[in-house]
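Enquirer: build me a model from this:
(4 chains)
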4 protein chains.
Amino acid sequence: MEGALKEVRTSRWLLAAVALCAVAPALAGQARPERARDLGIALEGTPGPLDAITDVPGVAVGHTTLIQGSGRLRVGRGPVRTGVTAIFPRGTRNLSEVFAGWFSLNGNGEMTGTEWIEDYGRLLYPITITNTNSVGTVRDAVIEWGRTRVSEVFNCCLPVVAETWDGELSDIYGFHVKKQHLFSALAAARGGPVAEGNVGGGTGMICLGFKGGIGTASRKLADDHGGFTVGVLVQCNFGQRRLLRIAGAPVGQEISDPKLCYDSPQLDSTRAPRRCPGGSAERKQEQGSIIVVVATDAPLLPHQLRRVARRASLGIGRMGGIAGAGSGDLFIAFSTMPTGRPDSTGVLSLRMLGDEGIDPVYEATVQATEEAIINAMLAARTMKGADDLVVPALPHDRLRAVLTRYNRLRRAP
Amino acid sequence: MEGALKEVRTSRWLLAAVALCAVAPALAGQARPERARDLGIALEGTPGPLDAITDVPGVAVGHTTLIQGSGRLRVGRGPVRTGVTAIFPRGTRNLSEVFAGWFSLNGNGEMTGTEWIEDYGRLLYPITITNTNSVGTVRDAVIEWGRTRVSEVFNCCLPVVAETWDGELSDIYGFHVKKQHLFSALAAARGGPVAEGNVGGGTGMICLGFKGGIGTASRKLADDHGGFTVGVLVQCNFGQRRLLRIAGAPVGQEISDPKLCYDSPQLDSTRAPRRCPGGSAERKQEQGSIIVVVATDAPLLPHQLRRVARRASLGIGRMGGIAGAGSGDLFIAFSTMPTGRPDSTGVLSLRMLGDEGIDPVYEATVQATEEAIINAMLAARTMKGADDLVVPALPHDRLRAVLTRYNRLRRAP
Amino acid sequence: MEGALKEVRTSRWLLAAVALCAVAPALAGQARPERARDLGIALEGTPGPLDAITDVPGVAVGHTTLIQGSGRLRVGRGPVRTGVTAIFPRGTRNLSEVFAGWFSLNGNGEMTGTEWIEDYGRLLYPITITNTNSVGTVRDAVIEWGRTRVSEVFNCCLPVVAETWDGELSDIYGFHVKKQHLFSALAAARGGPVAEGNVGGGTGMICLGFKGGIGTASRKLADDHGGFTVGVLVQCNFGQRRLLRIAGAPVGQEISDPKLCYDSPQLDSTRAPRRCPGGSAERKQEQGSIIVVVATDAPLLPHQLRRVARRASLGIGRMGGIAGAGSGDLFIAFSTMPTGRPDSTGVLSLRMLGDEGIDPVYEATVQATEEAIINAMLAARTMKGADDLVVPALPHDRLRAVLTRYNRLRRAP
Amino acid sequence: MEGALKEVRTSRWLLAAVALCAVAPALAGQARPERARDLGIALEGTPGPLDAITDVPGVAVGHTTLIQGSGRLRVGRGPVRTGVTAIFPRGTRNLSEVFAGWFSLNGNGEMTGTEWIEDYGRLLYPITITNTNSVGTVRDAVIEWGRTRVSEVFNCCLPVVAETWDGELSDIYGFHVKKQHLFSALAAARGGPVAEGNVGGGTGMICLGFKGGIGTASRKLADDHGGFTVGVLVQCNFGQRRLLRIAGAPVGQEISDPKLCYDSPQLDSTRAPRRCPGGSAERKQEQGSIIVVVATDAPLLPHQLRRVARRASLGIGRMGGIAGAGSGDLFIAFSTMPTGRPDSTGVLSLRMLGDEGIDPVYEATVQATEEAIINAMLAARTMKGADDLVVPALPHDRLRAVLTRYNRLRRAP
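Expert: All right, here's what the predicted structure looks like:
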């Protein structure tokens, strides 16, 4: 990698757009990516104001995006297409614990801290997501960052860090994510709109045969269902194009090109995707994955949150996912309910949404997972990375045409 | 219930059709229910010859269907709309164990024997499915039946019996399933076409707002994927109509009637569904569930079969399922691979499909689960049960119309 | 079985002693079995007043004990050495739910209702324990009994019924436990002293090479640990004599006789235990198991109770258990904390013992499990059962001698 | 920390002894620590030749031990009492995968890679153990090390790294373990005797109220049980002294001093352990843990290894463990059985020890876990660390005296 690594903090879509200009100049000037709702895709449910995980009061998101270099992959030098994303459950100034639960739909992936979540259901640190090979660096950096910030000692030092694999677009064995990048993502975190697509941990990701990355969505429950908010953020890197369904339409079968391809002679890869033009609709090897983070202000206990996390599977099912063996499909859900302090006998007072009233939370989780994946694909821009691999973005106009053909647009966009 | 209980053994659709004549005379003469493939629904993958779980060599299925009485529910007397279904992994004459794995998508249900499956992955007895309140009777009867038939003592007496709730159409607290009914289902089991709809354990079930029950489907993998067969059988009783998707089309939103309703003045129920005409598209209370049985001849180990069972979730996601809190969504998968005998040191020889080649099995499981649910709904006939509750069948012609509108019919049927 | 089956309801040790007279006349006159504390065994911790699960306020226990016939095993006729035990969490008049959690140390056993407990952590019915082959009968009978007694519909019909195998002493394939026996055990349930040994579900059990059965113990936490009570009840049928440790002393190696043996010529068994005199210290085949029920009034949530249940493993470890492959070692824990009613938004108020204060509950669970197993063995009397198999009781005097040699008696008894 | 960090590679006890001289000069000259068998403790079973995990053919162990500085804790400078330990399943030159399974007895700890092990049961990299805050560094370093060494791409980059907390003796927030230390431990790995006590990841650990660390033991099964070997290695940092049992004797109650204490005026800690003389038998805060690694050459499948790992709990139960809430008790088991290569259809041939023959493996695991913990305590030397905290070694002579009093010495040592 020639020159200093360019770090792009992007907690908001505006910054993200700027960052992406470098690699996608044709897209410059686009103020804000079109999202699923903008396109008019027939989706169920009522989103919150931002249609983002940050609709859940307190939730803050920050990204560090690392994009540098081009051409042939040289381990340790680049090209770099990676980053880290951080999610604070209660905002950046309140590091008290929240209840959490997790689920593994397919375990070809890493999410640290899950033994603790499984047994004790308590989440202390911000959740972070990065590339597979940088989980360790980010994990220890979260602990270092937390030393002077969290007062909890009982379960200190077991942060949740998750990953997906960007080793096709990025020099993943170059270990380019450093602890400062984690600190930057944490410092950049805030509420409000969330940058999507080629940002943060999602920078170099490939989703259902198109460029993927970070996506988000939310649902606001009706008042007679408690009026709670459910927000989802995904780092989307899973799946095969031929299986892609959007709002039920077989989009992956309808849009068979542009394909993934190597736009240079130097590729050493003998398997698909092949040289451009031509290419293949599927990635060279399935090491895709999806991380789903579900946030809610509904008062849910750990064993309930475990069930909520599991529902992300159903949203993935709607998109055509099969949870392939090469995929790490790991989900975590947390509730921002205040948990109070123990009295002199060590006993806390809590609230709990009765199980009889939890179905709207489940339904919101399924819907918001589905929409967050679509948003990730819609926001992502075509990216050229290591060995000049080109991963095309999902073309909005052609998607619109397909959805029209399948009667899955709510209205003319 | 006046008069002797009428027991209907139905291992084949023909018998099923006869049995159903009593309650659905208008349907008499219909030789064989139209299935998803007959309708031309746009489904993925290549089914086996029967498009049924019995495409997996050795698998045999038998039903006992109990339909008796009508009118007001009197506990212990009827009306009865229930039964029991049995699945033999290796045929009725080979009771050697198979490897198995299981998964609970939502635990509001019972599947006995799972502690053993979880740890040891060995399935000894036929799998049986019945109504919620008859699990115990069936379980002990399986043990009684097995005493003179199985030679295994190590894990005897831990059969897998699963259930879904038919307490809206049937006198479930009347405990009408007796051990003889289990024996009949076992005796009736055979390969070949499998009766679907209102038969066996599925007799009184409600699925996604329409009459449900038993359904099945299969997939044959390509030779370069090993040429294995994956078969699925479901007992479908889950979900809400408004969420129903078929092949991606929002069928439940498009077909808002006929509704569930009480066709008599004597109902004591104050919640939906209401009196006819009118009614409600959703059942009175969510105690639905779905049992999914996945069979394969692919050589899979217990920990792999656990993963296969989990994939049924993704098929349910495609149908619009949210795994509601009131639902018992329990899945079991088994492999008919021969496991051989231990040598003198207690060591067995086995084969195992490498994980790198398992994705086609996953994909087949997702697809066949989706199709088996559709087949259950297509085969089921409108049923009137306890308190004259009428649960309408999914109308085939209207379904066709909806699918046409959403471009999800492969061809004019 | 000649003559009518003799049913013995034994909710208290007095009744139990009477019942046992029939088969153990030499023991008649013994008012109350000597328990671990009476013997002066060096055990840790402070028991509650009764040193029984009933020290937890509200907990009630009832047994039905079935002892009938002798001599050669004839399936369906006897001899019968079995029963059923029921535990009410909040007393016999309060059938509101409690929170619960469970754990399987080894899954060669059945505990119904665990899918529901795993996901929702709610226990509605009394817990019942019986022999392996009667789980179904008891399960359906609990549902029948509950129909007019429980108002809960959300999770009705998923009772927890557990088992261990008494097929060596009893005609287990005769299915002698009927639903009336379950009703009797429920009707007999009350607080106060709990009958131990050859009673209820424990009637025909073999534990660590001696006669086993039902045992119980409790711990009262110090006031600065909240003053909570932890009670344990076991149905003990696991283990091998050679591994038996009591309070750390290698009792099983020191007391190699009396052995299990067949006191008649008609045995058809070719494997150990052999004919008397002689016999074997180990049972014919390992199909032992242990069910552990942990009750507490500490305010614990489902995910905490899961952890508490898991600690029973450590008590079993102290006794020399290895959780053999033939053993079903299944544990359930519940908290009697009131859970209140949901408000208009479906939200409940709860209390929770903070995890930082839970260690005393863990320690109490380990200790009470250990002591309950010892109590089961001390209370059990030598029993002769099917095929004249004689299972000897642990001889108290020899135990005292061994413990003296290993310095594990607190005082001269 | 003044001066360069002193790294001590210790793959063998000799090196360990040398390394330890620096901090325990009084112990210099002691060629080899006395182990449980040397002392004559009454333990069950037959060890392998080395009574170490390396008795399992192929298993290699390497340590890097970091001991530097003294006096007041200054974050980032020291004192340092930490390290890393690596275990190769098949030797340092064969990096093909082995089958594995894991278990969490209490989840207050980290073991990376468990999602993958849980679902796929395949272990690719050496297992490594370090301090809590260095898990990330070690994890990424294992991946870096593996890049040019492992050919597997399917599950690359998901190494198993486990930890226990040494933050009382060591400057854990100084992050002193660097990737080179991991490389050194890997390079130092070999078969033969294994250094125990204050070495590798175990350098700064506290176990059951005394100095702990690394310990190992093994069992050789009888030929008629297959003649397999089971080896265990522990990094022991859990428990409370008052609960300590050795071979059943209440050692922790008998040896109430020497206590943990601060041998200097500068301690800022207000909770126990207190200043010397005096001190406390228990650590300042429970953040102890134990990692157990079980190796065997018995041909076991992933779901069997999961069960084997679970048995480590029973060994911990024998030692007086309660799996306190602050403890991360995480276990992993692997089998060195060759797994062969897939044929053209992706199918492998395997061998499997039948479950009916697995009890000797279970029993060996329980026994070897118990003995490995004792060996860790016997090998560890008294250590003075951060803030001059002194953690005393278990005094061998007093242990002998206690065991004699409880009749738990096999012979005069």
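Enquirer: give me the number of residues near residue A:397?
Expert: Residue A:397 has 9 neighbours, counted by other CB atoms under 10 Å in any protein chain shown. No exception for glycine: its C-beta is placed from N, CA and C like everyone else's.
Enquirer: next one: the one 4 residues further on
Expert: Residue A:401: 14 surrounding residues under other CB under 10 Å.
Enquirer: got the contact list for whichever strand or helix holds it?
Expert: Under the criterion of DSSP states H and E, residue A:401 resides in helix A:396-405. By CB atoms under 8 Å, 6 or more residues apart in numbering or on different chains, the residues outside helix A:396-405 that reach it are A:34, A:39, A:41-42, A:246-247, A:249, A:251, A:254-255, A:378, A:409, A:413, B:407.
Enquirer: buried subset of those, written for ChimeraX?
Expert: Selection of the buried residues among the contacts of helix A:396-405 in ChimeraX, burial being defined by 16 or more other CB atoms under 10 Å in any protein chain shown:
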select /A:39,41,42,246,247,249,251,254,255,378,409 /B:407
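Enquirer: and the two most separated of the contacts of helix A:396-405?
Expert: Spanning the widest gap among these are A:34 and B:407, at 23.5 Å by CB to CB.
Enquirer: hang on, the earlier thing: just the C-alpha atoms of the helix holding residue A:401, please, in PDB.
Expert: Output in PDB follows, covering the C-alpha atoms of helix A:396-405 (Å, rounded to 0.1, in the frame of the first residue of the first chain):
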ATOM      1  CA  HIS A 396     -31.700   0.100  -8.900                       C
ATOM      2  CA  ASP A 397     -33.400   0.600 -12.200                       C
ATOM      3  CA  ARG A 398     -33.300  -3.000 -13.200                       C
ATOM      4  CA  LEU A 399     -34.500  -3.900  -9.700                       C
ATOM      5  CA  ARG A 400     -37.400  -1.600 -10.200                       C
ATOM      6  CA  ALA A 401     -38.200  -3.300 -13.500                       C
ATOM      7  CA  VAL A 402     -38.100  -6.700 -12.000                       C
ATOM      8  CA  LEU A 403     -40.300  -5.700  -9.000                       C
ATOM      9  CA  THR A 404     -42.800  -4.200 -11.400                       C
ATOM     10  CA  ARG A 405     -42.900  -7.400 -13.300                       C
END
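Enquirer: now do that helix, average pLDDT.
Expert: Rounded to a whole number, the mean pLDDT of helix A:396-405 is 97.
Enquirer: give me the distance from that helix to the chain's centre.
Expert: 24 Å (CA atoms, centre = their mean, to the nearest Å).
Enquirer: in it, what's buried?
Expert: So for helix A:396-405, counting by 16+ other CB under 10 Å, buried means A:399, A:400, A:402, A:403.
Enquirer: got these as a markdown table, with distance to residue B:222 columns?
Expert: Shown next, in a markdown table, are the buried residues of helix A:396-405 (distance: CB to CB, whole Å):
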| residue | distance to residue B:222 |
| --- | --- |
| A:399 | 30 |
| A:400 | 34 |
| A:402 | 27 |
| A:403 | 30 |
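Enquirer: from those, which is closest to chain C?
Expert: Nearest to chain C among these is residue A:403, at 36.0 Å by CB to the nearest CB.
Enquirer: what are the boundaries of the helices in the stretch 201-350 of chain A?
Expert: Along the stretch 201-350 of chain A, the stretches classed as helices by DSSP state H, counting those that start in this stretch are A:251-254, A:302-318.
Enquirer: quick one: residue A:61 is in a strand?
Expert: Yes - under DSSP: H, G, I helix; E, B strand; the rest coil, residue A:61 falls within a strand.
Enquirer: and the pLDDT for the nearest residue to it once chain neighbours are set aside?
Expert: Leaving out its chain neighbours, the residue that sits closest to residue A:61 by CB to CB, 6 or more residues apart in numbering or on different chains is residue A:194, at 4.9 Å. For residue A:194, the pLDDT comes out at 98.
Enquirer: show me what from the stretch 101-250 of chain A comes close to chain C.
Expert: Within the stretch 101-250 of chain A, the positions adjacent to chain C are A:119, A:120, A:121, A:122, A:154, A:226, A:227 by CB under 8 Å from any CB of the partner chain.
Enquirer: thinking the third one is in contact with residue A:97, fair?
Expert: No - here residue A:121 lies out of contact with residue A:97, judged by CB atoms under 8 Å, at a distance of 9.5 Å.
Enquirer: what's downstream of the helix or strand of chain A with the lowest mean pLDDT, the next helix or strand?
Expert: For chain A, using mean pLDDT, DSSP states H and E, the weakest element among its helices and strands is helix A:13-21, scoring a mean of 37. Per DSSP H and E, the first helix or strand lying C-terminal to helix A:13-21 is helix A:36-39.
Enquirer: report the rounded mean pLDDT for that next one.
Expert: Averaged across helix A:36-39, the pLDDT comes to 96.
Enquirer: using CSV, write out the CA atom coordinates for it.
Expert: Presented in CSV, the C-alpha positions along helix A:36-39 are these (Å, rounded to 0.1, in the frame of the first residue of the first chain):
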residue,chain,number,x,y,z
ALA,A,36,-36.0,0.3,0.0
ARG,A,37,-38.8,2.6,1.0
ASP,A,38,-37.7,5.3,-1.5
LEU,A,39,-37.9,2.7,-4.3
